[in-house]
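Asker: predicted model, plus sequence, below.
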Amino acid sequence: MIRIEKLTKTFDTFQAVDHMSFEVPQGAFLVLVGPSGCGKSTMLRMLAGLELPSGGTVQFGDDTVSDGDKGWMIDPAKRNTGLVFQSYALWPHMTVAGNVDWPLKVAGMSKPDRQARVSEVLAMLGIEALAARYPNEISGGQQQRVAIARMIAPRPAILLFDEPLSNLDAKLRVEMRTELLRVHRATGATSVYVTHDQVEAMTMASHVAVLNGGKIEQFGTPEELVRDPATAFVATFVGTPPANLVPVSMLPEQHAKGLRADALAMYRPENITSSAEASANSMAFEFAEASPVAGRTMLTGTQGPLRVTAVVDNAPRLQIGDMVHFGLPETPAAMFAPNGERLS
Amino acid sequence: MSIAPARPMARPFPINGRLALKLFVLAILGVLVAAPLLRILFETLAPDAITAWSDVTHGRLSKNLLWLPLGNTLILGVGVACGCVLIGGFLAWLVVMTDMPFRRTIGLLATLPFMIPSFATALAWGSLFRNSRVGGQTGFLEGLGLTIPDWLAWGMVPTLIVLIAHYYSLAFTVIAAALATVNSDLVEAAQMAGAKRSRILLGIVLPVALPAVVAGASLTFAGAVSNFAAPALLGLPVRMQTMATRLYGLIEVGQTERGYVVAILLILVSALFLWLGNKVISGRRSYATITGKGGRAKRFELRAARLPLLSVAGLICLLTTLVPVAILIASSLAPASSALFSNWTLHYWTGLSDPSIAQGQAGIWSNPFIVSATGLTVGLGITVAVTTTIIGLIVAFVLARDGKGPLAGIINQVSFLPLLVPGIAFGAAYIALFGAPIGPFPALYGTFWLLLIAGTAYLLPFSVQTGRAVIQQVSGDLDESARMTGAGFLRRLTAITVPLASRGLAAGGLIVFVKIMRDLSLVVLLFTPTTPLLSVLAYRYASEGFTQFANAITVVILVISIAATLLANQLQAKSQPWLKS
């Protein structure tokens, strides 16, 4: 179990993490997701013990491991955590086996035990054949596997990942997602995974914390986030494609009736229809892009700064410069105040 | 008998433009680099000269000709390499990895000593520590009433100290650059594994920086064994000989063949260690680390040791930069170096000849000989900078366009050969080749031309490096994107290539200029009264006991060199990644 309470980190005057609190059970796969600068990496480094919180506490199970208010923390090595760096941070002067072995050696394991454990984790990640190679002699995907092997070798109870897949190509990234989940399940550890890619968050997480500007916008399961976004930011950040927010002032008259004039109305892409001709209930957009998605079509239109995406069965044939007319459902799926707060 | 129809004949020797250019470059390099080195070898192998080998290596005089100087040279090389790696590595660690205050300033100061010629530091040492053992003026410390023992005034110890003070900045630069690539992730990953500070330092940081440490050691070793100025000024008066001073002495007294043998052996010693160093560094573990976001480099917290370590670092930097320069300036103004800060006079700078002072020597600005030497030295620096930059650019161009095949391989090797050759041995090789008329060409000894081509050849490796960097910067995408717009060759040349390349070339040229300005070892053998050069004049004045004049000339060299170096840095806008906070 990981529990953080009112965790805060300030760099000079910059508030990187601002009074964050949440709790995840043992065995969870927590993803911290958000745009660059949202505080997710700082959060992870505080969990790892590389950064002392300016305030608040971190608890692993029943033990408090960092206390920012009192200004102390347990050494990174004594937290029983492992971290995969974005750069992998493989030690360039050690072989693959040497990289995996060194932390065990530091931990004081006997040589036969180490040998057994090293071959075990190398086999687990399918990189036994690379044992004698140096990090600069293997590919990016292989380095990634070595980094993971090195992390899990000492059997940490908590696995930390700092954007581990961002240096890989698209296909490899999908493969490694599966691989990471397999490792997570096999070790039975609790994982915390930092990414800016909401697809990774939605596919891998048991719990997601959407961060923005140092604060938690919403904490929940992937389904909850999509079904019931707590803020306008979450609504437009998660889901493939994410939901649309249309200012009430731009809606057709019938739709706008009875709604707060300065609010934002949320419509899900799958509930929007499209046609080439205008009707009383439709909004006109400039056609922007279309792509086939699992037998349906994802259509995007723009109107000034507003972008609306619909997923429809029969899309009209359109070219850039054409107008597309989106028919909106009678009632929006949710309403948000101008400051992003959920209204209904 | 029928006549076969005449078939169009292929030209017997198709002139291939590329091949022609390669051969041309090879010919230039042959004359500039290979010929002198081969000549010096063959000179010693001639039937009437071959005995020089046995004289030097196991003759009756061999102990004094070779073995003692070789021993001294190796002691200097090893001592300087160790000292430089320790001091340079210590400073690099402080500047790059720790939270010491004023890191940026220390980092800048630590690169300065290499700009100060080693004879300047040696002269400054003399002004402070000279004792009365060899006669003449005594230094400032004796003037204060202290008794300076011989071992501190002359010979091995001061030579070692002066050379370390000069070369440690080389080790600093190399090691700092390597430490800067030790991603803080690497250290944190070790921290996560539970390693203690000392274990991280020994297990991670040192091994990753090891190639740089080896490189620093072999470069400073090669520098120390080929240095002429420091052992000549501080060792020769008490008959401490190194191979460089022995070689100089032999050629000065006309025993050229023996001198050449010593030169060849010196080249071998220096090249062997550079080669060994290179072999250790280049292996399968060439450490290119993958860059992540890094950025937020965590620094080693020194805690209570911050200020003590800062003062140690600051002291090292001050003692090797400001202090020698200040001593030189003061001593060029003081009539007696035993009283450096009293009775200051501008006589040694501007005074007219006065029989009562310094045997009637006029101040350096009133001495037409020195004024013309200044002009000649600056002229030589500029000409060498231009010629070597042009040749370096051509060589780099040929290698960049077609770097494969045996010819390119030879060009590449030969153009970097001068790096392995100590300056004084190179000078000896030039005397061997151009000292006598070759066919219709007159002897070049004693002419500006000899200095020019020797300097050009000597500095070729640097200019080839500059040329490569510039070509790499300019060719490829940038040129292609200009070509896509339809710009013709000349248009691209004037709008893209020249503006992009000119800064880099100018900066490279300035560095060559500075190297010539303050070089002593290459030109000390090529010097003649018709071609007076400032550095040699300073050396001559110093060895004749006119220290004020020597120091005044050295100050002139320093001012010109530092101005040019600053200008070069400005042009390059040299980034020093390890100074970022």
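Answerer: Thanks, I have the structure now. Nothing here was measured: the structure is a model prediction, and the numbers come from that model.
Asker: and stretch A:219-236, how far from the chain's centre?
Answerer: 13 Å (CA atoms, centre = their mean, to the nearest Å).
Asker: first-to-last residue distance for it?
Answerer: 15 Å (CA to CA, to the nearest Å).
Asker: got the contact list for it?
Answerer: A:22, A:201-202, A:205-210, A:212, A:217-218, A:238-239, A:242-245, A:264, A:266, A:334, A:336, A:340-342 (CB atoms under 8 Å, 6 or more residues apart in numbering or on different chains). Bear in mind the C-beta positions are built from the backbone N, C-alpha and C, glycine included.
Asker: in helices only, show me these.
Answerer: Using DSSP state H to define helices, the subset of these located there is A:201-202.
Asker: B:Asn278: how many residues sit nearby?
Answerer: 12 (other CB atoms under 10 Å in any protein chain shown).
Asker: quick check: closest non-adjacent residue to it.
Answerer: If the residues on either side of it in the chain are set aside, B:Asn278 comes closest to B:Ser218, at 7.3 Å by CB to CB, 6 or more residues apart in numbering or on different chains.
Asker: again, but for B:Gly403
Answerer: B:Asn412 (7.4 Å).
Asker: if you average pLDDT over the helix or strand hosting that neighbour, what comes out?
Answerer: If you go by DSSP states H and E, B:Asn412 is part of helix B:405-416. Mean pLDDT, helix B:405-416: 84.
Asker: likewise for stretch A:15-33?
Answerer: 93.
Asker: list the residues that contact the residue of the stretch 1-150 of chain B found nearest chain A.
Answerer: In the stretch 1-150 of chain B, the residue found nearest to chain A is B:Asp99; the distance is 14.8 Å by CB to the nearest CB. When the contact criterion is CB under 8 Å, 6+ apart, the partners of B:Asp99 are B:299-302, B:306.
Asker: keep only those of those residues that are in strands.
Answerer: In strands, defined here by DSSP state E, there are no members of those.
Asker: mind listing what's buried in the helix or strand of chain A with the lowest mean pLDDT?
Answerer: The weakest-scoring helix or strand in chain A, judged by mean pLDDT, DSSP states H and E, is helix A:253-256 (a mean of 83). With burial defined by 16 or more other CB atoms under 10 Å in any protein chain shown, the residues of helix A:253-256 counted as buried are A:255-256.
Asker: just checking, what packs against that helix?
Answerer: Applying 3 or more CB pairs under 8 Å, 6 or more residues apart in numbering or on different chains; DSSP states H and E, we find helix A:253-256 packed against no helix or strand.
Asker: now that helix, how far from the centre of its chain.
Answerer: Per CA atoms, centre = their mean, the centroid offset for helix A:253-256 relative to its chain is 36 Å.
Asker: just to revisit the earlier point, mind giving me the ChimeraX select for the contacts of stretch A:219-236, buried ones only?
Answerer: Those of these that count as buried under 16+ other CB under 10 Å are selected in ChimeraX with:
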select /A:22,201,202,205,206,207,208,209,210,212,217,218,238,239,242,243,244,245,264,266,334,336,340,342
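Asker: output stretch B:548-563 as PDB, nothing but the C-alphas.
Answerer: C-alpha atoms of stretch B:548-563 as PDB (Å, rounded to 0.1, in the frame of the first residue of the first chain):
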ATOM      1  CA  GLN B 548      63.700  41.700 -16.300                       C
ATOM      2  CA  PHE B 549      63.900  41.800 -20.100                       C
ATOM      3  CA  ALA B 550      62.900  38.200 -20.400                       C
ATOM      4  CA  ASN B 551      59.900  38.800 -18.100                       C
ATOM      5  CA  ALA B 552      58.900  42.000 -20.000                       C
ATOM      6  CA  ILE B 553      59.000  40.100 -23.300                       C
ATOM      7  CA  THR B 554      57.000  37.300 -21.700                       C
ATOM      8  CA  VAL B 555      54.400  39.800 -20.500                       C
ATOM      9  CA  VAL B 556      54.100  41.000 -24.100                       C
ATOM     10  CA  ILE B 557      53.600  37.400 -25.300                       C
ATOM     11  CA  LEU B 558      51.000  36.800 -22.600                       C
ATOM     12  CA  VAL B 559      49.000  39.900 -23.400                       C
ATOM     13  CA  ILE B 560      48.900  39.100 -27.100                       C
ATOM     14  CA  SER B 561      48.000  35.400 -26.400                       C
ATOM     15  CA  ILE B 562      45.300  36.100 -23.900                       C
ATOM     16  CA  ALA B 563      43.700  38.700 -26.100                       C
END
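Asker: quick check: mean pLDDT of it?
Answerer: 87.
Asker: ok, now stretch A:81-92?
Answerer: Mean predicted confidence for stretch A:81-92 is 86.
Asker: right, is it up against chain B?
Answerer: Yes. Stretch A:81-92 lies within reach of chain B by CB under 8 Å from any CB of the partner chain, at A:81-83, A:85-92.
Asker: what is the nearest of these to chain B?
Answerer: Nearest to chain B among the residues of stretch A:81-92 next to chain B is A:Ser87, at 2.5 Å by CB to the nearest CB.
Asker: spit out the contact partners of A:Glu163.
Answerer: So A:Glu163 contacts A:41, A:86, A:194-196 (CB under 8 Å, 6+ apart).
Asker: select the longest helix from the chain.
Answerer: Unless you meant another one, I'm taking chain A. Under DSSP H, chain A gives helix A:170-187 as its longest helix.
Asker: switch to chain B, that's the one I care about
Answerer: Ordering each helix of chain B by length in residues (DSSP H) puts helix B:368-401 first.
Asker: so how far is it off the chain centroid?
Answerer: 15 Å.
Asker: ok, stretch B:406-426 next?
Answerer: 15 Å.
Asker: would you indicate which residues of that stretch are buried?
Answerer: B:407-408, B:410-411, B:414-426.
Asker: tell me the one among the contacts of B:Asp99 nearest to chain A.
Answerer: B:Glu301 (11.7 Å).
Asker: against B:Met97, how distant is that closest one?
Answerer: For B:Glu301, the distance to B:Met97 equals 11 Å [CB to CB, to the nearest Å].
Asker: got the residues of the stretch 101-250 of chain A near chain B?
Answerer: A:102-103, A:106-107, A:134, A:136-137, A:140, A:143, A:150, A:154, A:167.
Asker: just to revisit the earlier point, just checking, what packs against the longest helix of chain A?
Answerer: Going by 3+ CB pairs under 8 Å, 6+ apart, helix A:170-187 lies up against helix A:140-152, strand A:158-162, strand A:190-195, helix A:198-204.
Asker: got the ones you listed as a markdown table, with mean pLDDT columns?
Answerer: What follows is the helices and strands packed on helix A:170-187, written out as a markdown table (pLDDT from 0 to 100):
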| stretch | mean pLDDT |
| --- | --- |
| helix A:140-152 | 91 |
| strand A:158-162 | 92 |
| strand A:190-195 | 94 |
| helix A:198-204 | 91 |
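Asker: need those in JSON lines with distance to A:Ile272, can you?
Answerer: JSON lines is the format used below for the helices and strands packed on helix A:170-187 (distance: least, CB to CB, whole Å):
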{"stretch": "helix A:140-152", "distance to A:Ile272": "39"}
{"stretch": "strand A:158-162", "distance to A:Ile272": "36"}
{"stretch": "strand A:190-195", "distance to A:Ile272": "28"}
{"stretch": "helix A:198-204", "distance to A:Ile272": "20"}
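Asker: relative to B:Asp402, which of the ones you listed is closest?
Answerer: Nearest to B:Asp402 among the helices and strands packed on helix A:170-187 is helix A:140-152; the distance by CB to CB comes to 32.0 Å.
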